[in-house]
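In: sequence and predicted structure, then a few things I'm wondering about:
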Amino acid sequence: MVDTRFYKNNGPFTLGRIAEICDAELLDGSKAQERIVDLASMDKAGSEDLCFFFDKKAKSKAAEIKAKACMTTAELKEFIAPGVIILICKDPKLASLKLNEALYSLAVPQPGIAASARISPDAVIGSGCFIGENAVIAAGVKIGDNCRIEANAVIDENCEIGNNCRIGVGAHLSYCLMGNDCYIFSGARIGQDGFGFMIVNGQHKRIPQLGRVIIGNDVEVGANACVDRGALDDTVIGDGCRIDNLVQVAHNVVLGRGCILVSQVGIAGSTRLGDYVVLGGQVGLADHVNIGSGTQIAAQSGVMSDIGPGEVMMGYPAVPIKQFMRQTAFIQKAVKK
């Protein structure tokens, strides 16, 4: 059950309306005016709720559903308990996403500027923005329309933020140009110094980091993730990328469109990813590596050399996943001997 203290319930919705939202078929058309108040999992749904069933492994739970209605596929409907109203769709996961967006909404603060916020008179703030308590917006900053800058966020000199962006609590942006519809989660650090040194007379001498961070449209950067600015060239995060919590993206890294970096990924400097690359949790990429579009790298893998497009890799060092499985099977047999 969804806690309405945190999420506004926009219902109830009729089953007919739900079928429209989800592009689904209501098997019993006479039930179109029946109302659904809430969504819940199969084992917790009650008499006014709708649940989703899209995994055959859960068929034993489906036989005990107590929900008013269930969204499923034509192949799985036979497993649902008698008396439950059934809606059929091709993709229940997509239907779940659509219905969640329609039925629930997060509480959104009204536009306005908190009295404790510190905003330079040289900053430009678009219309419909919310600026939270103790936020700091420096000189030369440009913020688009309908943005949400939350408490204690810091936006350094001359950064630019597009429309409909959200900067989370305590996030810090510097040397950054950002597109529209981005969400920088709490505690993220964008545009800090890259980790670059050289030894001069026996001491580590910091190499000036003179680049920027360029973030495209519709990008999310998770809580406490770090994206370093470039040394000379820019660090670039392409449109539609999703960066999880606690990820490190080093200087001069370039991410193509739609890349996914799962928690604790670390990418060393000047590495380049194509479009729609997926890196599982704790994957590590060496510096100056090129990863082709569509490649997937399994969790905890280590990459030290280039990988072409469309590969599925695993292990340390990362190898094609079938090769990794053969290596694992060989080692297991050797150990048994």
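Out: Received it, and whenever you're ready, just let me know what you need.

In: wait, what's in contact with the closest residue to Ser186 other than its chain neighbours?
Out: Leaving out its chain neighbours, the residue that sits closest to Ser186 by C-beta to C-beta, 6 or more residues apart in numbering is Gly168, at 3.8 Å. All C-beta atoms are positioned from the backbone trio N, CA, C, and that covers glycine. Contacts here follow C-beta atoms under 8 Å, 6 or more residues apart in numbering; on that basis Gly168 touches 150, 153, 183-188, 223.

In: which strands or helices does whichever helix or strand Leu50 is part of pack on?
Out: Element membership for Leu50, per DSSP states H and E: strand 49-52. Contacts defined by 3 or more C-beta pairs under 8 Å, 6 or more residues apart in numbering; DSSP states H and E place strand 49-52 against strand 38-39, strand 69-72, helix 92-103.

In: most tightly packed of the ones you listed?
Out: Most buried of those, by mean neighbour count (mean count of other C-beta atoms under 10 Å): strand 69-72, with a mean of 24.

In: given it, what are its sheet partners and their directions?
Out: strand 49-52 (parallel), strand 85-88 (parallel) (DSSP bridges).

In: and those: which comes nearest Glu20?
Out: Taking C-beta to C-beta, strand 85-88 is the member of those nearest to Glu20, at 10.9 Å.

In: so what touches stretch 200-218?
Out: 162, 175-182, 190-191, 193-194, 196-199, 221, 227-241, 251-252, 257.

In: of the residues you listed, buried ones?
Out: 162, 175-182, 190-191, 194, 196, 221, 227-231, 234-241, 251-252, 257 (16 or more other C-beta atoms under 10 Å).

In: circling back to that earlier point, out of the contacts of Gly168, who's nearest Ala69?
Out: For the contacts of Gly168, the nearest to Ala69 is Tyr183 (32.2 Å; C-beta to C-beta).

In: next one: phi and psi at that closest one?
Out: The phi/psi pair for Tyr183 (degrees, to the nearest 10) reads phi -130, psi 110.

In: tally of neighbours for it?
Out: 18 (other C-beta atoms under 10 Å).

In: partner residues bridging it?
Out: Going by DSSP bridges, Tyr183 forms beta bridges with Arg166, Glu220.

In: one step back: could you identify which of the contacts of Gly168 has the most neighbours?
Out: Highest count within the contacts of Gly168 by other C-beta under 10 Å belongs to Ile184, 31 neighbours.

In: who's in contact with it?
Out: 165-168, 171, 173, 178, 190, 220-221.

In: ok, Arg166 next?
Out: Arg166 touches 147-148, 150, 182-184, counting by C-beta under 8 Å, 6+ apart.

In: and the residues you listed, which two are the farthest apart?
Out: Among the contacts of Arg166, Glu150 and Cys182 lie farthest apart (C-beta to C-beta), at 13.6 Å.

In: output the contacts of Ile184 as CSV; include the columns pLDDT and distance to Leu97.
Out: Below are the contacts of Ile184 laid out as CSV (pLDDT from 0 to 100; distance: C-beta to C-beta, whole Å):
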residue, pLDDT, distance to Leu97
Cys165, 98, 22
Arg166, 98, 19
Ile167, 98, 25
Gly168, 98, 22
Ala171, 98, 26
Leu173, 98, 29
Met178, 98, 25
Ile190, 98, 28
Glu220, 98, 15
Val221, 98, 21
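
In: widest-spaced pair of those?
Out: Going by C-beta to C-beta, the pair spanning the contacts of Ile184 furthest: Leu173 and Glu220, at 14.3 Å.

In: who does Leu50 bridge with?
Out: In beta-bridge terms (that is, DSSP bridges), Leu50 pairs with Leu39, Ala69.

In: ok, now Val236?
Out: In this entry, Val236 is beta-bridged to Ile214, Val254, by DSSP bridges.

In: verify the stated contact: it with His251.
Out: No: judged on C-beta atoms under 8 Å, Val236 makes no contact with His251 at a distance of 11.2 Å.

In: tell me which of the strands paired with strand 69-72 sits nearest to Ile113.
Out: strand 49-52 (40.5 Å).

In: dump the closest one to PDB, keeping only the CA atoms.
Out: Output in PDB follows, covering the C-alpha atoms of strand 49-52 (Å, rounded to 0.1, in the frame of the first residue of the first chain):
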ATOM      1  CA  ASP A  49      -7.100  -2.500  -4.800                       C
ATOM      2  CA  LEU A  50      -5.500  -3.500  -8.100                       C
ATOM      3  CA  CYS A  51      -2.400  -5.600  -8.400                       C
ATOM      4  CA  PHE A  52      -0.100  -6.700 -11.200                       C
END
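
In: what's in contact with that strand?
Out: 1, 18, 36-42, 45, 65, 67-72, 92-93, 95-96, 99.

In: go again using 7 Å as the cut-off
Out: 18, 36-42, 45, 65, 67-71, 92, 96 (C-beta atoms under 7 Å, 6 or more residues apart in numbering).

In: show me the shaky parts of the chain.
Out: Where the chain drops to pLDDT under 70, the residues are 1, 337.

In: go with 90
Out: 1-8, 11, 55-56, 59, 90-93, 105-109, 196-197, 207, 328, 330-337 (pLDDT under 90).
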